[in-house]
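J.: what follows is a predicted protein model with its sequence.
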Amino acid sequence: MGNGAGHWTRQAVNRRRFLQLAALFSTSAGLGAIASGCDPGAGRPRRWPRPGDRVRLGYVPITDASALLAAYHKRFLAAEGLEVDPPVQYPSWAAIAAGLQAGEVNVAHLLMPAALWLRYGENFPGKVIAWNHTNGSALTVAPNINRLEDLAGRTVAIPFWYSIHNLILQMLLRDRGLIPIPADPDPTKAVPANAVALRLMPPPEMFAALANGAIAGYIVAEPYNAAAESFRVGKVLRLLGDVWRDHACCVVVVPEARAIEHRDWTQALVNGLVKAQQWCRSNRLELAHILSSDGGQYMPYAQGVLERVLAQYDTVFYREQGTLVHPEWRSRRIDFQPYPFPSYTEALVAQLQRTFLGDRDRPNGQPPFMDALRPSQVAEALVDASFVRSALPLVGGPQAFGLPLSLTRSEVIGP
């Protein structure tokens with residue numbers, strides 16, 4: 001399907017807003033150059049004729065966006081009566097956040113912690129309506145790095161302060177007695193021997209930075225970890241799904257007004273997404289082709305790299321290498337299920353409140369708005385799980401994704 005989705009566009013994003021976001025989230029120069037749908041169980045879909053009702057998807061080129069991209073490419077959204085523009089690719093999380101705020105897109109694939117920041121830090125009324133995936137990220141390091149302790153005095157790239165990657169990396173470093181610090185704007189300045197410097201970097205730039213020795217590692221979503229393995233410029237030190245069991249790095253976010261005032265449109269969107277997620281679980285090789293530069297050109301890598309992520313998870317190798325510590329969890333390298341568990345949001349807020357989030361003016365690196373957050377209140381206000389609950393019967397119920405009928409769980413976190 002020729003759709004030009006692989007071409008990133010930033011022209012329509014308000015440039016002043018983009019620069020504001022880039023400055024806010026950059027600790028160094030490393031940011032880089034940078035539907036009237038069917039109600040559940042209904043029959044013939046209706047259509048929304050107004051231009052504003054077209055689905056405009058925004059994504060960053062990582063496999064966490066797979067289900068949204070499959071929902072478009074395989075026409076699951078169209079089957080719900082939705083008219084969908086070709087997905088718009090953004091190079092960084094700052095750019096996609098600016099695009100959502102500017103109204104350039106009305107459905108965004110976004111980091112879960114970034115969705116929290118938008119709502120409470122930027123007062124942008126975004127609503128999380130579904131998860132995109134589970135797991136799908138890793139800490140990748142240079143070939144001469146064998147333990148977390150070997151990162152002492154070195155620099156590791158993260159995609160965003162408000163990310164599960166930043167949170168888990170800091171958790172792992174503290175567990176080894178290392179101090180995570182923001183990278184100095186001067187890249188020639190030495191990192192203290194008991195610290196690891198965190199440098200913000202858009203995901204598409206990380207591979208080259210590791211290959212040329214500018215960083216000792218990066219922690220990010222796939223396929224950038226699999227690419228480092230495939231081209232032998234780095235190796236996976238930890239899979240993040242082996243640190244926080246079946247977590248969601250990225251979620252689906254829409255403006256809250258759309259979720260409230262156009263519930264039938266949003267329900268149709270989630271119906272298509274849930275069906276796409278079920279399809280992704282059973283068609284991993286075809287999904288790899290669709291995402292790849294050989295197919296739909298949504299990702300900048302060939303099909304073989306995407307297959308390594310989606311369908312070639314060698315648990316024996318990773319266990320022997322020490323990459324996989326919890327094989328009893330039986331987690332996939334990346335998997336797909338849409339339900340946004342409240343327990344995850346609550347645990348995420350609690351963990352973020354212990355994490356340096358880029359505020360250099362405060363001793364703990366926490367912006368003021370984080371102080372007032374209460375996990376249970378955030379879970380209720382930020383996330384609306386009702387759309388997924390209504391869509392699940394269309395694919396056979398929660399059990400279609402191996403979820404408990406109660407749709408409850410306890411979070412399992414273990415470095």
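T.: Done, it's in.
J.: point out where the stretch 1-150 of the chain drops to low pLDDT.
T.: Across the stretch 1-150 of the chain, the ranges flagged by pLDDT under 70 are 1-52.
J.: show me where it has its strands.
T.: 57-59, 88-89, 107-111, 126-131, 134-135, 137-141 (DSSP state E, counting those that start in this stretch).
J.: which one of these lies closest to V383?
T.: strand 126-131 (4.4 Å; CB to CB). To be clear about C-beta, it is placed using only N, CA and C from the backbone, and glycine gets the same treatment.
J.: give the contact list for L100.
T.: G58, N106, A108, L110, L118, F124, G126, V253, P255 (CB atoms under 8 Å, 6 or more residues apart in numbering).
J.: before we move on, back to that, make JSON lines from the strands of the stretch 1-150 of the chain and add mean neighbour count and distance to I413 to it.
T.: Below are the strands of the stretch 1-150 of the chain laid out as JSON lines (neighbours: other CB atoms under 10 Å; distance: least, CB to CB, whole Å):
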{"stretch": "strand 57-59", "mean neighbour count": "25", "distance to I413": "27"}
{"stretch": "strand 88-89", "mean neighbour count": "24", "distance to I413": "32"}
{"stretch": "strand 107-111", "mean neighbour count": "28", "distance to I413": "18"}
{"stretch": "strand 126-131", "mean neighbour count": "25", "distance to I413": "17"}
{"stretch": "strand 134-135", "mean neighbour count": "24", "distance to I413": "13"}
{"stretch": "strand 137-141", "mean neighbour count": "28", "distance to I413": "14"}
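J.: can you add distance to L287 and give these back as TSV?
T.: Below are the strands of the stretch 1-150 of the chain laid out as TSV (distance: least, CB to CB, whole Å):
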stretch	distance to L287
strand 57-59	15
strand 88-89	17
strand 107-111	15
strand 126-131	17
strand 134-135	15
strand 137-141	18
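J.: ok, which of those comes nearest E320?
T.: Going by CB to CB, the one of these nearest E320 is strand 137-141, 16.5 Å.
J.: next SSE downstream of that closest one?
T.: strand 155-158 (DSSP states H and E).
J.: avg pLDDT for that following strand?
T.: When pLDDT is averaged over strand 155-158, the result is 98.
J.: can I get it in PDB, CA atoms only?
T.: The C-alpha coordinates for strand 155-158 follow below in PDB (Å, rounded to 0.1, in the frame of the first residue of the first chain):
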ATOM      1  CA  THR A 155      26.800   8.400  28.800                       C
ATOM      2  CA  VAL A 156      23.600   6.600  27.900                       C
ATOM      3  CA  ALA A 157      20.900   8.100  25.500                       C
ATOM      4  CA  ILE A 158      17.300   8.200  26.600                       C
END
